[in-house]
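Novice: requesting a structural model of the entry that follows:
(chains A and B)
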Amino acid sequence: MNSNPLSSVASFLSGRLLLEEELPFSLPDSSVDILQGITSRNHSFYCSRCGNDREERFAFFPCARCGTSCPYCRHCLMMGRISGCSRLIRWTGPEPPVEGDGTLQWSGRLSEGQLAASVAVKKAVQEKGECLIWAVCGAGKTEVLFQGVEEALLSGKRACIATPRTDVVLELAPRLQRVFPGIRVTALYGGSPDRHVYSPLVVSTTHQLFRFLEAFDVMIVDEVDAFPYSYDASLQFATQKARKPESSLIYLTATPNEAWQEECRSGKRPFVKIPARFHRQPLPVPVMTWCGRWRRAIEKGKLPPVVKEWTLQRLKDGKQALLFFPHIDLMEQALPLFQAFHPHVEAVHAEDLKRKEKVTLMREKKLALLLSTTILERGVTFPNIDVAVIGAEDDVFTESALVQIAGRAGRSAEFPDGEVRLFHFGRTRAMMKAVDHIRQMNKEGLEKGWLDR
Amino acid sequence: MSLCLLCEEETNRQMTWRQFFTLVELPLLCGKCLQPFERITGECCRLCSRPLAVLDASFSIDGVCHDCVRWEKESLYKGVLSGNVSLYMYNEAMKAFIARFKYRGDYLLAKAFAEEVRQAARKIPHDMVVPVPLSEERLRERGFNQAEALAREAGMKPVNVLERSHAEKQSKKSREERLRGAQVFRLKENSSVHRKTILLIDDIYTTGATVRYIAYVLKQAGAAGVTSLTLARGQGREREAVLEE
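Specialist: Predicted coordinates:
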C-alpha cells in the first residue's frame, strides 16, 4: 500500500462499487458518491450492483437496521447482501497514477494467425474499439493479447481480462505476471486474497466485475459464449458496468453463437479469425457413429457394442481417452461398466469435490479413461488423448459444446492427432453443424497457408 | 408454479389436480435440492436428540449421550433444560444452507423448513416462544436474528426477553472457563418469564452450551421449564466446536 493515506483510499476505492460494510476504513468525507443499494424503477426494484430487476429475485426481511420490511436482492446475495438500506460507495476523486513498468517481457513467436489477431487487438486498444477474436481451440489465444495489453499499460490504461471460471483465472494470472514482471497483476475470484489491491492489469471472474464501476479502459472477455456468461444477462451487465464509457472491448471465443456468426458474416461485427492451431496441424474432425439405444443398454448394465469396441481398442493401444456423457446419472451408471475393463477409470462432474484431483491424475497419465459431463468441455488440456461423446444427440451437446469437446484432441505439437468420435442414436443439426464448423476452419486454415497439411 | 428457494428450478413439474383444488402447500425446495438434507430419525439421546446409532455404544448411558451426561453432572446446569429437539443433521447440505441463510442473510430461507418447525413445535408443550438472541452489534450487522426468523416464519410469536452481550468467542475459552465463566445472556429489564413454559428456538445445536446457559438464566428468572428446538444438530465430531452467534 502507498504511504500517503489519501492515495491508498483512492487506490482502494477507485473504479469500484462497494458496500459500505466492505470498506476497511470509515467512509471518506469527500470524493465519494453514495448510491442507494436498491431503487425502484417503473414499479419494480432494481439492484444497483448486479442490475437485477426481476421481481422473483427480490425478497423482504424485517430489517433491524432500518426498522422496515426491507427488500434485498437474492441474485447477488453471495457477494454480500444488498438491501433497501444498503449504501454503495463509489470514488469520484482522481484515479491513482499507474505504478510500474508495463513493458512486455516475452521472447516467444506468434504464429501468422496469432499475429493477425494481435494486430487487431492492439488496434482496438488504441482506438477504443470493439473486436471479436474467433480463434479455434488450441490457437493460442493468450499470446494474442500480449501486445495489446502492453500497449494499454504503456499508455497508462487499466485493463481487465474477464473469464467465466476461477480455474482459468488461476491459470492465466501467473502467466501474465511472468510476461509483465514490472507491474502487479491481480487475480480476482470469490475469496481471492488480491481483493483489495489496485493494479493496472486485473484477471477476474465475470462475477467479481459486479464490484467494479467504470474502472477499465480495456475490457477483454474470454469465452463469451460459455456458461454462465452467455446465459446470465447480469454478467453481461457487470461487464458493461465495469468498463469506462469510452473503452475498448475485446471478445475471445472458439465458438461464437449463431447470432454472432451471422453478424460476422454480414459485416456487422468486427472480427479476426484464427482458423488454425499454433502447431500448424488441422483440427481433428469428429466421426459420427450410430450406437443404438445406448441409454437403455447402460440401464441394463451393458455398453453398446461399438462403444465397447472403441474403448477396448484405446486400452489395448494404451491411449488415454476422455468420454463425455450428457447426464451425471447415466455417467455414474456407466462408470462400473468401464471400470470392469480397467482399474484406473474415474468420472467427474460439476459438483465433484475431487474434480481437480481427478483431472490431475488424468494429466499425470494415471488414469486410462476419464468420464465427464460437459464440465470438462473447455479449458482442460491433456496432451495426447482420444475423445468420445456417448449420446451426442442429447440437447446439452450444442454445436459449440461439440466443437469445444472436439477441441480437446490433438492439442500438443508432439501429438497433433487424436480421434473424436460422436456415438449417437440419431444425428442432430448440432452434430452436423459442429462437423461443418471444424471442416470449415481447416479449409480456411489451409487456404491461408497456416496449416502444414 | 413455484420455484425452488435454492436453485430457482421449478419445484413441482406436474401439479396434481388434488393440489390444484385443495391448495395444498407447494414444496419450497425442489426434490434435487432437498435430497441431501438428512432428517434426524431413529434412536436419539433422550435429552438432546442426538442420533445414537452413529455413536459408539460407550458414548451413551441409558439412552443419554455422553455430552448430556456431562452436562447433567454440572451442579449449575443440572436439569435446567428439559430437552432439545433438532430436526436435521448438520451435514454439508445443511452447512451450506445455514451459511446462506444466516451469514449471507437470505431471510427467505427461513420459510424452507417452516412447516416442519411448526409441526415439531406443536408437539412440545409451551406457552412462550423465545429465540436465542444476538448481540446488538451482531444484529445490526446481520439485519435479522436467524432464530427469530425461523420462529416467525413457522407461525410462532417469538418474544425477545433476552439480551446477549458481545463477548469474545467461546471457542477461545477452555471448557471449564465456559462452564463457570461470564454469562453472556441476561433477561431484559421489564421482561418476565415467571411460571412460563418456554420453547427456546435456535438454528443449530452444537455443544448444547448456548441453550443451557439460557435455560439457566430463564430458570433463575422463574421459568417453569425450558425445552429447545433447533433446525440443525451438529455431529459428535465437532462437539467442542465454536459456540457462535
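Novice: alpha carbons only: can I get the longest helix along chain B in CSV?
Specialist: Counting residues, the longest helix in chain B under DSSP state H turns out to be helix B:209-220. Written as CSV, here are the backbone C-alpha positions of helix B:209-220 (Å, rounded to 0.1, in the frame of the first residue of the first chain):
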residue,chain,number,x,y,z
ALA,B,209,-23.9,-24.7,25.8
THR,B,210,-26.0,-21.9,24.4
VAL,B,211,-29.3,-23.4,25.2
ARG,B,212,-28.1,-24.5,28.7
TYR,B,213,-26.7,-21.1,29.5
ILE,B,214,-30.0,-19.6,28.5
ALA,B,215,-32.1,-22.2,30.2
TYR,B,216,-30.2,-21.5,33.4
VAL,B,217,-31.0,-17.7,33.1
LEU,B,218,-34.6,-18.4,32.4
LYS,B,219,-35.0,-20.9,35.3
GLN,B,220,-33.3,-18.4,37.6
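Novice: name the next helix or strand downstream of it, please.
Specialist: strand B:225-233 (DSSP states H and E).
Novice: find the nearest non-adjacent residue to the closest residue to chain A within chain B, please.
Specialist: Nearest residue of chain B to chain A: residue B:107, at 3.4 Å (CB to the nearest CB). Just so you know, the C-beta spots here come from the backbone N, C-alpha and C atoms, and that holds for glycine as well. Leaving aside its sequence neighbours, residue B:107 sits nearest to residue A:61 (CB to CB, 6 or more residues apart in numbering or on different chains; 3.4 Å).
Novice: give me the contact list for the helix or strand hosting that neighbour.
Specialist: Counting by DSSP H and E, the element that carries residue A:61 is strand A:58-62. Residues from elsewhere that reach strand A:58-62 (CB atoms under 8 Å, 6 or more residues apart in numbering or on different chains): A:38, A:45, A:47, A:52, A:69-74, A:83, B:105-108, B:143-144, B:149, B:152.
Novice: give me the buried subset of those residues.
Specialist: By neighbour count, with 16 or more other CB atoms under 10 Å in any protein chain shown, the contacts of strand A:58-62 hold A:38, A:45, A:47, A:52, A:70-74, A:83, B:105-108, B:143-144, B:149, B:152 as buried.
Novice: which of those residues fall in strands?
Specialist: A:38, A:45, A:47, A:70, A:71, A:72, A:73 (DSSP state E).
Novice: make sure the second one is actually in contact with residue A:72.
Specialist: Translated: residue A:45. No. Using CB atoms under 8 Å, residue A:45 is not in contact with residue A:72, being 9.3 Å away.
Novice: list residues touching both of those two?
Specialist: By the contact definition CB under 8 Å, 6+ apart, residue A:45 and residue A:72 are jointly contacted by A:38, A:58.
Novice: spell out which residues of chain B are next to chain A.
Specialist: B:3, B:100, B:104-108, B:139-145, B:149, B:152 (CB under 8 Å from any CB of the partner chain).
Novice: okay, now the domains of chain B?
Specialist: Taking automatic domain parsing as the reference, chain B has its domains at B:1-35, B:44-238.
Novice: columns mean pLDDT on top of those domains, output as TSV?
Specialist: Below are those laid out as TSV (pLDDT from 0 to 100):
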stretch	mean pLDDT
domain B:1-35	74
domain B:44-238	90
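Novice: quick one, strands of chain B?
Specialist: Using DSSP E, the strands of chain B run over B:60-61, B:64-65, B:83-89, B:128-131, B:162-164, B:185-187, B:197-205, B:225-233.
Novice: need those strands in JSON lines (columns: mean neighbour count).
Specialist: Listed next are these as JSON lines, based on neighbours: other CB atoms under 10 Å in any protein chain shown:
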{"stretch": "strand B:60-61", "mean neighbour count": "16"}
{"stretch": "strand B:64-65", "mean neighbour count": "20"}
{"stretch": "strand B:83-89", "mean neighbour count": "21"}
{"stretch": "strand B:128-131", "mean neighbour count": "23"}
{"stretch": "strand B:162-164", "mean neighbour count": "20"}
{"stretch": "strand B:185-187", "mean neighbour count": "17"}
{"stretch": "strand B:197-205", "mean neighbour count": "23"}
{"stretch": "strand B:225-233", "mean neighbour count": "25"}
